[in-house]
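[1] kindly generate the corresponding structure for this input.
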Amino acid sequence: MPIKTPVGLLVMALSLSGTAPSSSAQPATTAGGTAMKDTLAYVGTYTSAKSKSKGIYLFQVQTDQALGVESTSLVPLGLAAESDNPAFLAVDPKRRVLFAINEINTFDGQASGSVSAFAIDPATGKLALLNQRPSRGTGPCHLLLDRSGRNLLVANYGGGSIAVIRVEPDGHLGESTAFVQHAGNSINRARQAGPHAHGTTLDAANRFAFVCDLGLDQILTYRFDADKGTLTPGDPAFTAVKPGAGPRHLVFRPDGRFAYVFNEMHSTVTVFAYDAAAGRLSEVETVSSLPANYEGTKSGAEIAIVPSGKFLFVSNRGNSTLTRFEIDPTKGTLNYLEAQPTAGRTPRHFGLTPSSQHLAAANQDSNTILVSRIDPATGHLQPSGVLADVPSPVCVVFLPPATASR
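    So this is what the prediction gives:
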């Protein structure tokens, strides 16, 4: 069972530290003992003999006050469910269901990864497997629940393909309703000899799907029909980034006027103006996520924007930092502010809490998660003062408490 470890002087030097919560804290329930009243965090991991991970781990989000500063940390509640390489997660808070890709290459005798659906126990937060379906390609790395809640869009990195899987009203996974095999390559022979779909994003209207393909140096555009669960090529069918950049993930600014793509191999962010009516991206600028004098490994991972639209964050695995940009409200352009250490190695995914006041970064190669408070005025990250221990963490997602009406 994961435990909490003090970060010590490193995190204290980064900012004011909070009070470490007790690792023996138990799940909180309502007076009737029937539903969790606290926000929960689920952590997807890589499972292997080396990592000793068994699947998806569960934490309770706990907030304290120390020296007048609010500090949020993660209290371990143990293994939520055993699962093979559940490297990316998505939560449906309405149905209380969690979805996970299983980043494997063989499933049910097929050359495919898989997707799992879990019911969330209302009293404990633990997960019960509902069912699994093939992802229709090897090495799935990302999944997205569409805004209707009826479809999962899955990116298969190894297979270089995308698929849509139907979600039944009770959260079970149905049949696949769409499949697209990408084709082509780009200039880096080691990384881009073929397609590698890495992430899917839907616009606010749920009409256009954008797929970052690292192997092609393209963001492919599809018209998405939520009723039928189908994908058809957009016009244009793709938007190119700089050769060798390796686009990984795309996010929209909350107002939908701009889109931002994090390029893994160049550690750059490309800004696009977005024409929502046509589903078209027009490049505005590309900026580095690393300090001007940086000469080390470049390996970008996650990207996110706070709900206010003021700040954008990315994770840099090469120097184990989170970079913060300020977003120009009119032009959508980015102003590099700073890169802050994550008190660990190789930060991969990071998640925002439901309040968006805190950020949790998964340090894959140091087996830790660091939670930091986001200053609403400056975006500066103020570390909590403790690290949550979990083997080979890859993805962190949050589930808010059920509302009183449910």
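
[2] which residues does the residue nearest in space to the middle of the chain contact?
    In the chain, the C-alpha nearest the mean C-alpha coordinate belongs to His349, at 5.1 Å (CA atoms, centre = their mean). For His349, the contacting residues are 88, 301-302, 315, 362, 394-396, by CB atoms under 8 Å, 6 or more residues apart in numbering. Backbone N, C-alpha and C define where each C-beta goes, glycine included.

[3] ok, and the most crowded of the residues you listed?
    Highest neighbour count within these: Ala362, with 30 neighbours (other CB atoms under 10 Å).

[4] need the contacts of His349 in TSV with secondary structure and distance to Asp38, can you?
    Below are those laid out as TSV (DSSP: H, G, I helix; E, B strand; the rest coil; distance: CB to CB, whole Å):
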residue	secondary structure	distance to Asp38
Phe88	strand	24
Ala301	strand	28
Glu302	strand	24
Ser315	strand	26
Ala362	strand	20
Val394	strand	23
Cys395	strand	20
Val396	strand	16
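
[5] hang on, the earlier thing: pLDDT value on the closest residue to the residue nearest to the centre of the chain other than its chain neighbours, please?
    Of all residues not flanking His349 in the chain, Cys395 sits nearest, at 4.3 Å (CB to CB, 6 or more residues apart in numbering). What the model reports for Cys395 is a pLDDT of 98.

[6] repeat that for the one 4 residues further on.
    Leu399 is assigned 97 on the pLDDT scale.

[7] so the residue nearest to His349 makes contact with Val43?
    Yes. Applying CB atoms under 8 Å as the test, Cys395 and Val43 come out as touching, 6.9 Å apart.

[8] could you tell me which residues touch both of those two?
    The contact sets of Cys395 and Val43 overlap at Ala362 (CB under 8 Å, 6+ apart).

[9] so what's the residue nearest to His349 up against?
    43-44, 87-89, 348-349, 351, 362.

[10] any low-confidence regions in the chain?
    1-36, 65-71, 403-406 (pLDDT under 70).

[11] for it, what's the longest strand?
    Taking DSSP state E as the criterion, the chain has its longest strand at strand 69-82.

[12] the nearest residue to Gly55 once chain neighbours are set aside: how many residues sit nearby?
    Computed as CB to CB, 6+ apart, the closest residue to Gly55 that is not its neighbour in sequence is Ser83, at 3.9 Å. The local packing of Ser83 (other CB under 10 Å) involves 25 other residues.

[13] name the SS class of the spatially closest residue to Phe272 that is not a sequence neighbour, please.
    Leaving aside its sequence neighbours, Phe272 sits nearest to Leu281 (CB to CB, 6+ apart; 4.0 Å). Following DSSP: H, G, I helix; E, B strand; the rest coil, we place Leu281 in the strand state.

[14] okay but Ser176 is in contact with Ile162, surely?
    No. In this structure Ser176 lies outside contact range of Ile162 using CB under 8 Å: 10.6 Å.

[15] on that earlier part again, of the contacts of His349, which is the nearest to Ser355?
    Lowest distance from Ser355 to the contacts of His349 (CB to CB) belongs to Val396, with 14.8 Å.

[16] my guess is the closest one meets Leu40, correct?
    No. Applying CB under 8 Å as the test, Val396 and Leu40 come out as separate, 11.1 Å apart.

[17] show me where the stretch 1-150 of the chain has strands.
    Secondary structure of the stretch 1-150 of the chain (DSSP state E, counting those that start in this stretch): strands at 4-6, 40-45, 55-66, 69-82, 88-92, 97-102, 114-120, 127-134, 140-145.

[18] and the third one, what does it pack against?
    Going back to what we said before, that points to strand 55-66. Strand 55-66 sits against strand 40-45, strand 69-82, with contacts defined as 3 or more CB pairs under 8 Å, 6 or more residues apart in numbering; DSSP states H and E.

[19] sorry, back to before: more neighbours: which of Ser176 and Ile162?
    A direct count of neighbours by other CB under 10 Å for Ser176 and Ile162 places Ile162 higher, at 29 against 18.

[20] ok so, going back, adding distance to Thr239, write the strands of the stretch 1-150 of the chain out as JSON lines.
    Formatted as JSON lines, the strands of the stretch 1-150 of the chain follow (distance: least, CB to CB, whole Å):
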{"stretch": "strand 4-6", "distance to Thr239": "43"}
{"stretch": "strand 40-45", "distance to Thr239": "29"}
{"stretch": "strand 55-66", "distance to Thr239": "34"}
{"stretch": "strand 69-82", "distance to Thr239": "37"}
{"stretch": "strand 88-92", "distance to Thr239": "23"}
{"stretch": "strand 97-102", "distance to Thr239": "25"}
{"stretch": "strand 114-120", "distance to Thr239": "27"}
{"stretch": "strand 127-134", "distance to Thr239": "29"}
{"stretch": "strand 140-145", "distance to Thr239": "18"}
